[in-house]
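S.K.: what's the 3D shape of this:
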Amino acid sequence: MNTETLLTIYVVSLLAILTLAGIYSSLIRKRFDPTPTDDRTFLCNKCGYVYTDDPDVDNSRCPQCGKINEWYRF
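M.R.: Numbering: from 1, shown residues only. Okay, the predicted model is just below:
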């Protein structure tokens, strides 16, 4: 084998390894990224506690102090 063939094999194998590493990294990232939920976020006006509740609830009772709050838009 001449030098040109060995160099070509070396470069192609490095590119293949980098491509496979990128694909693997993408698959791992998709598996561990959190999925967004439809829950609504609430901020208590009395104690400042931030909590979530079901998406169909407009007013929710604070689990810390019991005050009823409207959902908070970020």
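S.K.: and the chain, what are its domains?
M.R.: 1-33, 40-70 (automatic domain parsing).
S.K.: in the last one, what's buried?
M.R.: If you call a residue buried by 16 or more other C-beta atoms under 10 Å, then domain 40-70 has these buried ones: Arg40, Phe42, Leu43, Cys44, Tyr51, Asp53, Ser60, Cys62, Asn69. For glycine as for every other residue, the C-beta is placed from the backbone atoms N, C-alpha and C.
S.K.: And it, end to end?
M.R.: Terminal residues of domain 40-70 are spaced 10 Å apart (C-alpha to C-alpha, to the nearest Å).
S.K.: now it: how far from the chain's centre is it?
M.R.: In terms of C-alpha atoms, centre = their mean, to the nearest Å, the centre of domain 40-70 is set 24 Å apart from its chain centre.
S.K.: Run through who's touching stretch 49-57.
M.R.: 37-44, 60, 62-65, 71-72 (C-beta atoms under 8 Å, 6 or more residues apart in numbering).
S.K.: One more pass at 7 Å, please.
M.R.: Stretch 49-57 is contacted by residues Asp38, Asp39, Arg40, Thr41, Phe42, Leu43, Ser60, Cys62, Pro63, Gln64 when judged by C-beta atoms under 7 Å, 6 or more residues apart in numbering.
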